[in-house]
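Participant: mind folding the following:
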Amino acid sequence: MPHADPRSERRNIRQRTIDVRHLTSLQAHILAEESRHPEASGDFTWIMSALSLAGKIIADKVRRARLEEVLGEEGESNVHGEEQQKLDVLANDVLIRSLGDRANIALVASEEDEQPTIIRRGREGGKYCVLFDPLDGSSNLDVGVGVGTIFSILRNDPDDDDPIHTVCQRGDEQLAAGYILYGSSTVFVVTTGNGVDMFELDPTIGSFMLVKPSIRIPARSKTYSINEAYSDQFPPGYRAYLQHAHANGYSSRYIGSMVADVHRTLLNGGVFMYPPTTKHPDGKLRLLYEANPMSWLIEQAGGRAYSGLERTLSIEPRQLHQRTSVLLGSPEEVDLVRSFFRTPEDAGFWKDADA
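Facilitator: From the prediction side, this is the model:
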């Protein structure tokens, strides 16, 4: 057996050392971002630490869900009248407990809960509010489809005694937003207003490591993501776009889990659509927990995001669990879809909201 070349082995060791030095953890990355702002106090690092800890716990539970018999319905409905999955409840509890330990958080609001959870209020309270959808796409867990956690961080108003009013902020007022995808790997995607960065959990060291900085969504891709089973209920503009797509060689890619669908759209381009329907004329996605954080991520990556004719991030929230439609993705493809909105009704503004 030939002897290994010592020089070659040294080069391999040196190369591995160089590769390790170029790896950046989520916490180190956020600290570096904060160093660019002299007024920053390091608070974001603590929040991201709590979110990453919760993500690791939830990822482990998702992987072992069948082994630990935590698949299926909990037996109760959430505030939206939807059957809660066992892991919905577990993920919700994990996030509230993880975030509740951080002194800089005033309150948290979950898609699963009717009211925000007040942690600290008043002048002595925390500076931030964290909103989240604890486990988006959880109904797909029993068939192994990727699911995820979506989060949004807002500035707290210590003089506002109404927690619901405090968190009902426009999407363009977010301080940070992102999602954690639990799939073939556990991925943490985040923006703090300086572009979009992707981290992947390295289970050997237990840290999220930077794998794709400054993500830019492709300007155009002939791919669309939508549940076409409801196409007969879509507004005319969406139906016209789909006819165009069918006639021009487009590919349809729809998973049915928003985090997974938007993640693919972010990386590969195309457009994700969740239009209004005759049954849900206001749309079905939650503005604060789903549409706003995802729309800001897409915009920060160079894409566009609309709800009907209005930019999603400009919508003034009126309710904690307000619903909306969503059209987001590659800028040229979003513009193409919107070119079919020749009247307000084409985008979904029915005169009879009870139709």
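Participant: for the rest of this, base every contact and every neighbour count on C-alpha atoms.
Facilitator: OK.
Participant: so where is this structure shaky, pLDDT-wise?
Facilitator: The chain contains residues with pLDDT under 70 at 1-22, 37-42, 72, 74-83, 122-124, 349-355.
Participant: in it, which helix is the longest?
Facilitator: Determined from DSSP state H, the single longest helix within the chain is helix 43-63.
Participant: for that one, packing partners?
Facilitator: helix 26-35, helix 86-100, strand 176-182 (3 or more C-alpha pairs under 8 Å, 6 or more residues apart in numbering; DSSP states H and E).
Participant: of those, which stretch is the most buried?
Facilitator: Mean neighbour count (mean count of other C-alpha atoms under 10 Å) peaks for strand 176-182 among the helices and strands packed on helix 43-63, with a mean of 26.
Participant: what packs against the next helix or strand along the chain from that one?
Facilitator: The helix or strand immediately downstream of strand 176-182 is strand 186-191, counting by DSSP states H and E. Where contact means 3+ C-alpha pairs under 8 Å, 6+ apart, strand 186-191 is packed against strand 176-182, strand 196-202, helix 292-300.
Participant: return strand 186-191 as CSV; C-alpha atoms alone will do.
Facilitator: The C-alpha atoms that make up strand 186-191 are tabulated as CSV, following Å, rounded to 0.1, in the frame of the first residue of the first chain:
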residue,chain,number,x,y,z
THR,A,186,-32.6,22.8,9.5
VAL,A,187,-32.3,26.3,7.8
PHE,A,188,-32.5,29.7,9.5
VAL,A,189,-33.1,32.6,7.1
VAL,A,190,-33.1,36.2,8.4
THR,A,191,-33.0,39.8,7.6
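Participant: chain center to that strand, what's the gap?
Facilitator: Between the centre of strand 186-191 and the centre of its chain there are 9 Å (C-alpha atoms, centre = their mean, to the nearest Å).
Participant: residues contacting residue 275?
Facilitator: Residue 275 sits next to 234-235, 238, 283, 325-327, 348 when contact means C-alpha atoms under 8 Å, 6 or more residues apart in numbering.
Participant: which of the residues in the longest helix of the chain are classified as buried?
Facilitator: In terms of neighbour count (16 or more other C-alpha atoms under 10 Å), helix 43-63 has its buried residues at 43-56, 58-59, 61-62.
Participant: follow-up on the earlier one: any idea which of the helices and strands packed on helix 43-63 gets closest to residue 287?
Facilitator: Residue 287 lies closest to strand 176-182 among the helices and strands packed on helix 43-63, at 13.2 Å (C-alpha to C-alpha).
Participant: got a list of contacts for the closest one?
Facilitator: Residues from elsewhere that reach strand 176-182 (C-alpha under 8 Å, 6+ apart): 55, 59, 62, 146-154, 186-193, 259-260, 293-294, 296-297.
Participant: quick one on the thing from earlier: a markdown table for the helices and strands packed on strand 186-191, including distance to residue 224?
Facilitator: Compiled in a markdown table, the helices and strands packed on strand 186-191 are given as follows (distance: least, C-alpha to C-alpha, whole Å):
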| stretch | distance to residue 224 |
| --- | --- |
| strand 176-182 | 20 |
| strand 196-202 | 22 |
| helix 292-300 | 15 |
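Participant: how about residue 184: what's its closest non-neighbour residue?
Facilitator: residue 146 (7.7 Å; C-alpha to C-alpha, 6 or more residues apart in numbering).
Participant: for residue 170, same thing?
Facilitator: Nearest to residue 170 is residue 316, by C-alpha to C-alpha, 6+ apart, at 5.4 Å.
Participant: residue 210: which element?
Facilitator: Residue 210 belongs to strand 207-212 when elements are defined using DSSP H and E.
Participant: what residues sit buried inside that strand?
Facilitator: By neighbour count on 16+ other C-alpha under 10 Å, the buried set for strand 207-212 is 207-210.
Participant: is it possible to get a markdown table of those that adds distance to residue 247?
Facilitator: A markdown table is the format used below for those (distance: C-alpha to C-alpha, whole Å):
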| residue | distance to residue 247 |
| --- | --- |
| 207 | 46 |
| 208 | 42 |
| 209 | 42 |
| 210 | 40 |
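Participant: which of the residues you listed sits closest to residue 132?
Facilitator: Nearest to residue 132 among the buried residues of strand 207-212, counting by C-alpha to C-alpha, is residue 208 at 19.4 Å.
Participant: touching, that closest one and residue 28? I think so.
Facilitator: No: Residue 208 is not in contact with residue 28 according to C-alpha atoms under 8 Å; the separation is 10.2 Å.
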